[in-house]
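**Student:** Give me the fold of what follows.
(2 chains)
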There are 2 protein chains.
Amino acid sequence: MNSTIETLLNHKTIRNYKSDPIDEKTLDLILEAGFRASTTGNMQVYSVIVSQDPESLKELCKLHFNQKMVEQAPVLLTFCADFNRFNKWCKIRDAEPGYDNFLSFYTASIDALLAAQNVAVAAESFGLGICYLGTTTYQADKLIEFFNLPEGVVPVTTLVVGYPDENPEQVDRLPASAVVHKEKYKDYSKDDIEKAYKEKEELPLTKSLIEENQVNNLAQIFTLKRYTKKDNIHFSKVFLEAIEDQKFMNNDS
Amino acid sequence: MNSTIETLLNHKTIRNYKSDPIDEKTLDLILEAGFRASTTGNMQVYSVIVSQDPESLKELCKLHFNQKMVEQAPVLLTFCADFNRFNKWCKIRDAEPGYDNFLSFYTASIDALLAAQNVAVAAESFGLGICYLGTTTYQADKLIEFFNLPEGVVPVTTLVVGYPDENPEQVDRLPASAVVHKEKYKDYSKDDIEKAYKEKEELPLTKSLIEENQVNNLAQIFTLKRYTKKDNIHFSKVFLEAIEDQKFMNNDS
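**Tutor:** Model (predicted):
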């Protein structure tokens, strides 16, 4: 064990924040740690937008489905897949960029997400709390407009960062054996599935959620309430259109 | 500063490995640290395939464009976006899953990539080296076949993990000011681009690469040699087809 492993193993998502600011040197160091994450061909095809202005945070709170922590915490970091900077450099250097396709979008997404996770870990190492916002892809079109993102730039995830105003219990995870495959993918039997989800299904929290949502079981909370097919199809269209509008879908030669 | 920040700031990609094995407890702890990464709705919609068998690693080395480190290092970790396990659970629980669409694929990709980066950081905290393999998306179809991945599972990145047999210089990064935007996205002027890439372009390594590749500048190494439009379009098709074949492109209601 070492203190890095401890930081990683102790991760908890924080949803209530103090308004205390993060000092500039700490924020810079956290971002610097993000930029040290692996990046495809050392291209760093991502950007980070730092939101600290209370008026901006209020607007962004609305865009992120009114999750109050967005305006409560002092800093919001929006990570974007970004080939715009690289493309502009190529054009100035008389090099014709071919990065307006899906592979390039996905490559830039990987870059952005690895940097985001380093930032999350770095923030937690300083006692800060973080929360990822899945609403980023749902609202990609509106965030593109809000931040004035040019072609070649798509927001892919957002981190709320600030000092925790709560100390929640750490949530459960599936047993490692349910997530790890040795050498080949071993598909799941009914029995494997029962074993994988047993602990999660038996949690007191699960039982109260089922009652609250008036459904038969935890799986139905996901399919009927939290992540419905209708919403997923709607947001697939929104996100794919944003990717196309930002010129990442030119996949034909 | 703290030792986690130091681990993050000291990251170097390692491309030469000793054959020394990684002991099982260390590997388990590293993976456990990965599974503590944030995950959408605590669904953990990813899987990790651990390759250690020398014969498998030889085959995987071929699939990853003969990058020798793949068969040199003791462990290869393939991270997959995985809704298969979750879908099977839903079906057993009489909950109709609606996760065969692009948004769900992207959500599962985020989950897989955040876990991968935690694994990378955890490995480095134990003195191990890592390298990400971008070839994972290029060869998604062949890796799906190799690992027997069922519908709902797509490989998105791979980590080589092992004890370093080299101690390279840390590579450059763009100045933070070139990657960070305050409040709104400030598009890059010609002058901004010149400033952002100045240090990189003046590196001795850059000059020798330009000579070696017989091109005019560093940008042309990317566009003409390393990441060409032709390859990007080809691999966009391969990857999109893999996503579709694995049943993640049902985006119409």
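**Student:** mind listing what residue A:108 touches?
**Tutor:** Residue A:108 sits next to A:45-46, A:81-83, A:154 when contact means Cβ atoms under 8 Å, 6 or more residues apart in numbering or on different chains. C-beta coordinates here come from the backbone N, C-alpha and C atoms, glycine included.
**Student:** quick one: it and residue A:152, what's the gap?
**Tutor:** Per Cβ to Cβ, to the nearest Å, residue A:108 is found 8 Å from residue A:152.
**Student:** so what's in contact with the two at the same time?
**Tutor:** Joint contacts of residue A:108 and residue A:152 (Cβ under 8 Å, 6+ apart) are A:82-83.
**Student:** out of the contacts of residue A:108, which one sits closest to chain B?
**Tutor:** Distance to chain B across the contacts of residue A:108 (Cβ to the nearest Cβ) is lowest for residue A:46, with 7.1 Å.
**Student:** number of nearby residues for the residue in the stretch 151-253 of chain A positioned nearest to chain B?
**Tutor:** Ranked by Cβ to the nearest Cβ, the top residue of the stretch 151-253 of chain A for proximity to chain B is residue A:229, at 2.2 Å. Per other Cβ atoms under 10 Å in any protein chain shown, the neighbour tally for residue A:229 reads 18.
**Student:** what's it sitting at in phi/psi?
**Tutor:** phi -60, psi -40 (degrees, to the nearest 10).
**Student:** Grab the nearest non-local neighbour of it.
**Tutor:** Closest residue to residue A:229 apart from its sequence neighbours, by Cβ to Cβ, 6 or more residues apart in numbering or on different chains: residue B:98 at 2.2 Å.
**Student:** Now for that neighbour, how many residues are close by?
**Tutor:** Per other Cβ under 10 Å, the neighbour tally for residue B:98 reads 22.
**Student:** Pretty sure residue A:235 is one of the things it touches, is it not?
**Tutor:** No: using Cβ atoms under 8 Å, residue B:98 is not in contact with residue A:235; the gap is 11.2 Å.
**Student:** contacting residues around residue A:11?
**Tutor:** Residue A:11 makes contact with A:120, A:124, A:170, B:36-38 under the criterion Cβ under 8 Å, 6+ apart.
**Student:** Shouldn't it be within a helix?
**Tutor:** No: using DSSP: H, G, I helix; E, B strand; the rest coil, the secondary structure at residue A:11 is coil, not a helix.
**Student:** those helices in chain A, which residues are they?
**Tutor:** A:3-9, A:24-35, A:54-63, A:69-72, A:84-92, A:102-125, A:135-138, A:140-147, A:190-202, A:204-213, A:218-220, A:229-245 (DSSP state H).
**Student:** Residue most distant from the centroid, chain A?
**Tutor:** Distance from the C-alpha centroid of chain A peaks at residue A:94, with 35.0 Å (Cα atoms, centre = their mean).
**Student:** coming back round to it: quick check, pLDDT for the residue nearest to residue A:229.
**Tutor:** Listed pLDDT for residue B:98 reads 98.
**Student:** Okay, it and residue B:86: tell me how far apart.
**Tutor:** Residue B:98 is 11 Å from residue B:86, by Cβ to Cβ.
**Student:** Give me the pLDDT for residue A:253.
**Tutor:** pLDDT for residue A:253: 72.
**Student:** same question but for residue A:199, I mixed them up
**Tutor:** For residue A:199, the model assigns a pLDDT of 97.
**Student:** List the residues that contact the residue nearest to it when sequence neighbours are not counted.
**Tutor:** Once flanking residues are discounted, residue A:199 sits nearest to residue A:172: 6.2 Å by Cβ to Cβ, 6+ apart. Contacts of residue A:172 were listed using Cβ under 8 Å, 6+ apart, and they are A:199-200, A:203, B:42.
**Student:** ok, now residue A:162?
**Tutor:** A:14, A:17-20, A:22, A:72-75, A:128-129.
**Student:** Likewise for residue A:218?
**Tutor:** Residue A:218 neighbours (Cβ under 8 Å, 6+ apart): A:197, A:200-201, A:206, A:209-210, B:93.
**Student:** let's see it at 10 Å
**Tutor:** Contacts for residue A:218 (Cβ atoms under 10 Å, 6 or more residues apart in numbering or on different chains) come out as A:197, A:200-201, A:203, A:205-207, A:209-210, B:89-90, B:93, B:95.
**Student:** most neighbours, which of those residues?
**Tutor:** The most crowded member of the contacts of residue A:218, judged by other Cβ under 10 Å, is residue B:89 (26 neighbours).
**Student:** Next one, pLDDT for that one please.
**Tutor:** On pLDDT, residue B:89 comes in at 98.
**Student:** Quick check: the gap between it and residue B:241.
**Tutor:** 27 Å.
**Student:** Same check on residue A:135?
**Tutor:** For residue A:135, the distance to residue B:241 - Cβ to Cβ - is 29 Å.
**Student:** if you count what's nearby, which of these two comes out ahead?
**Tutor:** residue A:135 (20 against 13).
**Student:** That one against residue A:69, yeah?
**Tutor:** No: using Cβ atoms under 10 Å, residue A:135 is not in contact with residue A:69; the gap is 11.7 Å.
**Student:** Surely the residue of the stretch 151-253 of chain A closest to chain B and residue A:235 touch.
**Tutor:** No: contact between residue A:229 and residue A:235 fails when scored by Cβ under 10 Å: they sit 11.0 Å apart.
**Student:** Show me whatever sits in contact with both of the two.
**Tutor:** Residues touching both residue A:229 and residue A:235 (Cβ under 10 Å, 6+ apart): B:101, B:104.
**Student:** Can you spell out which helices and strands pack onto the helix or strand of chain A with the lowest mean pLDDT?
**Tutor:** When the helices and strands of chain A are scored by mean pLDDT, DSSP states H and E, helix A:204-213 comes last with a mean of 95. Contact here means 3 or more Cβ pairs under 10 Å, 6 or more residues apart in numbering or on different chains; DSSP states H and E; on that basis helix A:204-213 packs against helix A:190-202, helix A:218-220.
**Student:** Tell me which of the ones you listed sits most buried.
**Tutor:** A comparison of the helices and strands packed on helix A:204-213 by mean neighbour count, using mean count of other Cβ atoms under 10 Å in any protein chain shown, puts helix A:218-220 on top with a mean of 21.
**Student:** Run the chain-centre distance for that helix.
**Tutor:** Helix A:218-220 sits 23 Å away from the centroid of its parent chain (Cα atoms, centre = their mean, to the nearest Å).
**Student:** How about the contacts made by the spatially most central residue of chain A?
**Tutor:** Nearest to the geometric centre of chain A sits residue A:157, at 3.7 Å (Cα atoms, centre = their mean). Contact analysis of residue A:157 by Cβ under 10 Å, 6+ apart lists A:77-81, A:109, A:112-113, A:115-117, A:120, A:132-137, B:38, B:110, B:113-114.
**Student:** Show me the beta-bridge partners of it.
**Tutor:** Beta bridges link residue A:157 to residue A:79 when assigned by DSSP bridges.
**Student:** Tell me the confidence at it?
**Tutor:** Listed pLDDT for residue A:157 reads 98.
**Student:** Kindly report the same for residue A:188.
**Tutor:** If you check residue A:188, the pLDDT there is 98.
**Student:** What of residue A:147?
**Tutor:** Residue A:147 carries a pLDDT value of 98.
**Student:** Distance check, the residue of the stretch 51-200 of chain A found nearest chain B against residue A:243.
**Tutor:** Evaluated by Cβ to the nearest Cβ, the stretch 51-200 of chain A has residue A:98 as its residue closest to chain B, separated by 2.2 Å. As judged by Cβ to Cβ, residue A:98 and residue A:243 stand 17 Å apart.
**Student:** cool, residue A:66 as well?
**Tutor:** According to Cβ to Cβ, residue A:66 stands 25 Å off from residue A:243.
**Student:** neighbour-wise, which of the two wins?
**Tutor:** Of the pair residue A:66 and residue A:243, residue A:243 is the one with more neighbours under other Cβ under 10 Å, namely 21 against 10.
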